[in-house]
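# Sequence below, structure please.
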Amino acid sequence: MDDVKVFFIQRRKMSKKTSVVITYWAYPLENGKMEDFAEIDTFEKNLSQDFNVFVSGKPSDAMGGGLYELTIRILHNENVQDALLFSSGILADTVRDLFKDRIKDFLTTRIGTPIKQAFAKLKEANLDKDADIERVEVQFKDVCLIIYNVCQDGIAKNLDIILDLFDKRFSEFIVDDQLPSYVYVPLFRDDNSPEFDWKNKPTFRKLESVDETIRNVGDDAYLNYWGIFYTFIEDQCKIYNVRTKEIIDANIFSPDFGTL
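Reported below is the predicted structural model:
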């Protein structure tokens, strides 16, 4: 076996189990207690088969929205090149052939499917709580994918579709030999936003949690526009049109990360 194959086999053996951190707010009770999810221990146990899991619920100090909406952060102990780009034609054919079976549908089978299945069981056990997934972050060592919920059960229904697209399209995000630092899914064009620079680039943003003016958003939004941020190129912000595969320069705005 040549040195290249040995190197990547050793890297795979060294990889640690993916970690998942899940947080949420719950209905507050007296004495600092809360009305937790039913079967939350089973939910954690189901996920523990595939991940190192940390689940933390806290009683809310307000009675507004956001109760029982999960924020899920996935920490994968590899960089994107090791985890995804084997199958995208970036590395030598001998290396891709060696790992093609292990790489195929990596994100959907090792991350998306276990989370969808575990959450579906949790939701079924808590029909009175209107559980949902508010946000998912997939953090590799070099790139972070952030997925926002834009409609009821939007992430819960579309997580595997988004991860599969991210896997298959990621090589298209490489600009001037640079990997993106962040990918935001989805973003929306804001034609009412003021222009922020002399180039008059269009502005895109995530949906707001309150006072949102963009209406009638459905699952198809995940297949429209994704935001991409690069650290080391001049025009750091791009918008990727999922349907046409076109990448354009743009401004990206959100209270989460300001104007980029």
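
# Pull up the distance across stretch 200-209, start to finish.
27 Å (Cα to Cα, to the nearest Å).

# do the same with stretch 204-219
18 Å.

# pLDDT of it, averaged?
The predicted model gives stretch 204-219 an average pLDDT of 89.

# And for stretch 40-53?
Here the mean pLDDT over stretch 40-53 is 96, rounded to a whole number.

# Report the buried residues of that stretch.
Using 16 or more other Cβ atoms under 10 Å as the burial criterion, the residues of stretch 40-53 that qualify are 40, 43-44, 46-47, 50-51, 53. C-beta coordinates here come from the backbone N, C-alpha and C atoms, glycine included.

# just checking, what's the longest helix in this protein?
Of all segments of type helix in the chain, defined using DSSP state H, the longest is helix 154-169.

# Pull the distance from the helix or strand hosting Asp41 to the chain's centre.
Following DSSP states H and E, one finds Asp41 within helix 40-48. Computed by Cα atoms, centre = their mean, to the nearest Å, the chain-centroid distance of helix 40-48 equals 21 Å.

# helix or strand right after it?
Heading towards the C-terminus - elements assigned by DSSP H and E - helix 40-48 is followed by strand 52-59.

# Okay, now the sheet partners of that following strand, with direction.
Paired with strand 52-59 in the same sheet, following DSSP bridges, are strand 19-28 (parallel).

# looking only at pLDDT, what's the mean for the helix or strand just after the strand it pairs with?
Sequence-wise, the next helix or strand beyond strand 19-28 is strand 34-35, with elements assigned using DSSP H and E. The average pLDDT for strand 34-35 rounds to 96.

# mind showing which ranges of the stretch 1-150 of the chain have poor pLDDT?
The stretch 1-150 of the chain contains residues with pLDDT under 70 at 1-16, 62-64, 82-105.

# how about the helices in it?
Across the stretch 1-150 of the chain, reading from the start of the chain, the helices by DSSP state H, counting those that start in this stretch fall at 3-14, 40-48, 80-83, 93-103, 106-107, 113-124.

# right, and Gly218 touches Cys151 too?
Yes: using Cβ atoms under 8 Å, Gly218 and Cys151 qualify as a contacting pair, with a distance of 5.6 Å.

# per-domain residue ranges of the protein.
When the chain is parsed into structural domains using automatic domain parsing, the resulting residue ranges are 3-173, 188-227+237-260.
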